[in-house]
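> Okay, sequence plus prediction incoming.
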Amino acid sequence: MSLLEIEKLSLTIGDTPILSDVELSVAPGEVMGLVGESGSGKSITALTVMRLLPWAARASGRIAFDGIDILAASEDQMCALRGDDIGMVFQEPMTALNPVKTIGEQVAEGIRWHTRASRADAEDRARKMLDRVGLPSAQFPLSRYPHELSGGQRQRVVIAIACALKPKLLIADEPTTALDVVLQAQILDLLRDLVAENRMGLLLISHDLAVVTEMADRITILRHGEVMEAGDTARTLSEQRHPYTRQLAQASMHVPARARTHEVGQDDPLLQAAKPLLQVERVTRDYPGRRKSLLKRAAPTRAVDDVSFSIDPGQSVALVGRSGCGKSTLARMILALDGPTSGTIRFRGEVITGKSEAELKPARRDMQVVFQDPYGSFDPRQKVEKLVAEPLHVLEKKPTNAERREMVAKALHEVGLGPRDMDKYPHEFSGGQRQRLSIARAIITRPKLVVADEPVSALDVSIRAQILDLFAELNQKLGVAYLFITHDLTVARAITDQVMIMHAGKIVERGRTSRVLDHPQSEAAKALVAAAPDLHRAIARRLQEQG
Amino acid sequence: MTAYLLKRLAIALITLVLASMVVFAVLEIIPGDPARLMLGMNASADQVELLRNQMGLNAPLALRYLHWAGGLLSLDFGRSYTYSVPVIDLVRERIVVSLPLALIALALSTIIAIPVGLFSAGRHGRAGDTIAMGAAQLGVAVPNFWFALMLIYLFAVWLRLVPAGGFPGWSAGVWVALKSLVLPAIALALPQAAILARVTRSALIEVLNEDYIRTARAKGLPFRAVLWRHALRNAMIPVLTILGLQFAFLLAGTIIIENVFYLPGLGRLVFQAITQRDLIVVESVVMLLVAAVIAVNLLVDLSYAVVDPRLRSRQ
């Protein structure tokens, strides 16, 4: 018998239909993967099961959990279920914990609430649970506060909260999306073990087909609030009977067609004679250590440690590493937003370290940046024309209004948007379109180098494929060099000529992308490659397991 | 934590010194010769000059500042021209009225505002919220002296529960003295409570959108428990900031209410001193209030660290 049974679930918020006739079931000890793009209704489905919906939401249909009719249950009944029989883990570990309460309090709170245990007993159980999720007491006493923990550690605390009372069902909503691949693999392992230990049902929500394929026994594919296809994971994804399933799978594995990669160009004597565009020479960046008392400080942290490399004009390079390895610090120094403690950075042959803002102006013109979050990187009260034209202030000569409009129109055209979009506001665009806007903003000054910090990790797979195509196209058309900062190896593989693996502030490996990713040499590279989910591999493994 | 504390303390001291300079300088600049005022219009220039020398008014500015500031440190505020008594005695007499009044008003304001804020935030956008916030809007808009008159009419004239004004002194008995402070405290507290309730509500509404609130709900805590246990403490920082500002206001900005209720408080003392050009009294009381405000702000800063562990570990 199923643990969770969702039948003909429809839901509206106000007059907007969100879900229609969703069917889904989870058996004890089973992992059900719920896949779909953003806005497909995955999270709302989960929140409906928890009955944590916005109050304007109206649901109809039937949800049965362990014999209880969820939609008809009273709020008191739901409170008794939540955190006891149904646990939930959320996407964003950095904000999922109360910053003013210790991790011990937060794990023990649910235990005390449901079991009426004494404080000491609850803390005892909280301690055991934290040990179980890999936060041993020596390093992680109950008195730690969330801000003293990293993202992966915080997600372990959230899992400890959700699983403290051995729930029958765990709902995990994008539990690893905000984590780097190595942490992701660890958290997925932990979830898998918890499922096996307690015969817990797991409803795993993700936009990442590879992650779901590695984890789930069965899969449900959701689009616009409707179930497109559901069934055994390996069979569904290998047969790809439904066109949307095929579309999703293909987008997940998309590699942009790049007519000419940089390696080919190197045969060109002209290019070979050209000086490197960017030279980073023995760059180190220290951050002062935390103050231990009034006069004492801990030893400084070395975020970037003696890094040297160069990028040629038109070359596309990936800087790959786990979160906290120093890749963003390095990028900030290349963009001259932060100065190195020692070492020099040359851009187009000129030293850019230690220069004043005025002296940097010509360099700024030739280097631009694309950030991760297409929602946060635009002022919502400005029109697109002004936003895209922002970098123009570094030009020698201030363009006239007409010239400015023309330049914006051209940049928009290059990223596949129309001139009419100029007078719109950012909120009128979807996530993918907004990332196109940030790319238009980056290329409007005709830069020689674009630094892109996780430019597609906030996007859905199909949009991601389009944006990667756009990057590839602009690389060909404009000859712009890229430095892609990412922890996602599929992105690196899709679009870069060379890859640099960064670990603990050092670049530990560099080489042709395909060579490094297929035959990693360093420990850090091996760990990244082993942890990276891969759809092909995952489907093959599943099919093999099933014979 | 020690570093945070010492830094805040240092900032408070520097502010105090700067403020004393400003207070001293401003009173130097404004027209009116204290010696002339004390002697009256008929005094001769020689007499005035003699008194100026006696009072040390002819000494260099810096010297006079140091003398004055040194006096403040040893609680020697000088003598009032009009009352001819040491200023410290005047202050002592008044502060036993003003300080309890401010504290009662502040306590009332908090006791009213926080539950109203919680109530409203919990029903964000629904009828209860609209009614509570409408009432708060009214509380902000109605002048407190009018409100004071209404209170007098209702409780003193009509129901005869409390005196309509005046202060019998603490020697008349704690209960009797408190009774005469009840109405002014309510009149002072209500507009403050209205502001504080709105601040509490909006801070809570912001916090309720945070991810950790959802985590707490997913634990099985009912909404009310989440509101009290998780949301309130996170919403405290803006609330404490406003509370600090309100205390400063309640200590000094109560002239109107003191007048309505005939209370011999600090506000009235300053007001009378200003009209009589009793600059020594003005200077001293203003400095005292400045010190009180700085001390309260220091307390507020320290309370931030109590509320938020992230501030404790930051340098």
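Arrived safely.

> So for residue 240, what pLDDT did the model give?
You didn't say which chain, so I picked chain A. Listed pLDDT for residue A:240 reads 90.

> oops, I was thinking of chain B
Looking at residue B:240, its pLDDT stands at 93.

> okay, the helix or strand encompassing it in PDB with CA atoms only?
In the assignment (DSSP states H and E), residue B:240 maps to helix B:236-252. Only the C-alpha atoms of helix B:236-252 are listed here, as PDB (Å, rounded to 0.1, in the frame of the first residue of the first chain):
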ATOM      1  CA  MET B 236      13.300  42.800  17.800                       C
ATOM      2  CA  ILE B 237      16.100  44.900  16.300                       C
ATOM      3  CA  PRO B 238      14.000  47.600  14.700                       C
ATOM      4  CA  VAL B 239      11.700  47.400  17.700                       C
ATOM      5  CA  LEU B 240      14.500  48.000  20.100                       C
ATOM      6  CA  THR B 241      15.800  50.900  18.000                       C
ATOM      7  CA  ILE B 242      12.400  52.700  18.200                       C
ATOM      8  CA  LEU B 243      12.100  51.900  21.900                       C
ATOM      9  CA  GLY B 244      15.500  53.600  22.500                       C
ATOM     10  CA  LEU B 245      14.400  56.700  20.600                       C
ATOM     11  CA  GLN B 246      11.000  56.800  22.400                       C
ATOM     12  CA  PHE B 247      12.700  56.700  25.800                       C
ATOM     13  CA  ALA B 248      14.700  59.700  25.000                       C
ATOM     14  CA  PHE B 249      11.600  61.500  23.800                       C
ATOM     15  CA  LEU B 250       9.600  60.500  26.900                       C
ATOM     16  CA  LEU B 251      12.300  61.800  29.200                       C
ATOM     17  CA  ALA B 252      12.600  65.300  27.600                       C
END
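
> For the following helix or strand past that helix, list the C-alpha coordinates in PDB.
Next along the chain after helix B:236-252, taking DSSP H and E as the criterion, comes helix B:255-260. The C-alpha coordinates for helix B:255-260 follow below in PDB (Å, rounded to 0.1, in the frame of the first residue of the first chain):
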ATOM      1  CA  ILE B 255       6.600  69.500  28.300                       C
ATOM      2  CA  ILE B 256       3.000  69.600  26.900                       C
ATOM      3  CA  ILE B 257       1.800  66.700  29.000                       C
ATOM      4  CA  GLU B 258       3.600  68.000  32.100                       C
ATOM      5  CA  ASN B 259       1.800  71.300  31.600                       C
ATOM      6  CA  VAL B 260      -1.600  69.700  31.100                       C
END
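
> if you skip the residues just before and after it, what's nearest to the residue of chain A found nearest chain B?
Using C-beta to the nearest C-beta, the closest approach of chain A to chain B is made by residue A:83 at 3.4 Å. Glycine gets a C-beta too; all of them are placed from N, C-alpha and C. In this structure, residue A:83 finds its nearest non-sequential neighbour in residue B:220, 3.4 Å apart by C-beta to C-beta, 6 or more residues apart in numbering or on different chains.

> again, but for residue A:12
Spatial nearest neighbour of residue A:12, excluding adjacent residues (C-beta to C-beta, 6+ apart): residue A:58 at 5.3 Å.

> can you tell me the helix or strand for the one you found?
strand A:57-65.

> That strand - contacts with which helices or strands?
strand A:4-13, strand A:16-26, helix A:42-50 (3 or more C-beta pairs under 8 Å, 6 or more residues apart in numbering or on different chains; DSSP states H and E).

> Report the next helix or strand after the longest one in sequence order.
What that stands for is strand A:16-26. Of the helices and strands lying after strand A:16-26 in sequence (DSSP H and E), the nearest is strand A:31-35.

> coming back round to it: what are the contacting residues of the strand holding residue A:58?
Defining contact as C-beta atoms under 8 Å, 6 or more residues apart in numbering or on different chains, one finds that strand A:57-65 is touched by A:2-13, A:18-19, A:21-22, A:44, A:48-49, A:53, A:69-71, A:81, A:85-86, A:169.

> Run a quick neighbour tally on the residue nearest to residue A:12.
Counted with other C-beta atoms under 10 Å in any protein chain shown, residues neighbouring residue A:58 total 12.

> quick one: it from residue A:11, how far?
Distance of residue A:58 to residue A:11, given as C-beta to C-beta, to the nearest Å: 7 Å.

> Contact residues of the stretch 201-315 of chain B facing chain A?
Proximity of the stretch 201-315 of chain B to chain A, by C-beta under 8 Å from any C-beta of the partner chain, involves residues B:210-212, B:214-222, B:225, B:229-230, B:233-234, B:307-310, B:313, B:315.

> Pull out the buried residues from the residues you listed.
Neighbour counting over these (16 or more other C-beta atoms under 10 Å in any protein chain shown) leaves B:210-212, B:214-221, B:225, B:229-230, B:233-234, B:307-309 as the buried ones.

> With adjacent residues omitted, what lies nearest to residue A:429?
Ranked by C-beta to C-beta, 6+ apart and with sequence neighbours excluded, the top spatial neighbour of residue A:429 is residue A:437, at 6.5 Å.

> hmm, I was thinking of residue A:460
With sequence-adjacent residues excluded and distances taken as C-beta to C-beta, 6+ apart, residue A:460 is closest to residue A:37, at 4.0 Å.

> Just the buried subset of the contacts of strand A:57-65, please.
Neighbour counting with 16+ other C-beta under 10 Å marks A:2-6, A:9-13, A:18-19, A:22, A:44, A:48-49, A:70, A:81, A:85-86, A:169 as buried within the contacts of strand A:57-65.

> Pull up the gap between residue A:430 and residue A:414, please.
The gap separating residue A:430 from residue A:414 is 19 Å, by C-beta to C-beta.

> Among the two, which residue is more densely surrounded?
residue A:414 (18 against 14).

> re earlier: and residue B:44, which of the helices and strands packed on strand A:57-65 is closest to it?
In terms of C-beta to C-beta, the element of the helices and strands packed on strand A:57-65 nearest to residue B:44 is strand A:4-13, at 86.6 Å.

> Please name the strands paired to the closest one in the sheet, noting orientation.
For strand A:4-13, the pairing partners within the sheet under DSSP bridges are strand A:16-26 (antiparallel), strand A:57-65 (antiparallel).

> now the angle from the longest one to strand A:31-35?
With axes from the mean of the first three to the mean of the last three C-alpha atoms, to 10 degrees as the basis, strand A:16-26 and strand A:31-35 are set at 160 degrees to each other.

> low-confidence ranges in the chain?
You didn't pick a chain, so chain A it is. Low-confidence segments of chain A, defined by pLDDT under 70: A:1, A:259-274, A:291-295.

> that's the wrong chain, I meant chain B
For chain B, the ranges with pLDDT under 70 are B:1, B:314-315.

> Checking the single nearest residue of it relative to chain A next. Helix, strand or coil?
Going by C-beta to the nearest C-beta, chain A is nearest to residue B:220 of chain B, at 3.4 Å. Applying DSSP: H, G, I helix; E, B strand; the rest coil to residue B:220 yields a three-state assignment of coil.

> Angles on the backbone of it, please.
phi 100, psi 10 (degrees, to the nearest 10).

> For it, which residues are in contact?
Contacts of residue B:220 by C-beta under 8 Å, 6+ apart are A:79, A:80, A:81, A:82, A:83, A:84, A:110, A:113, A:114.
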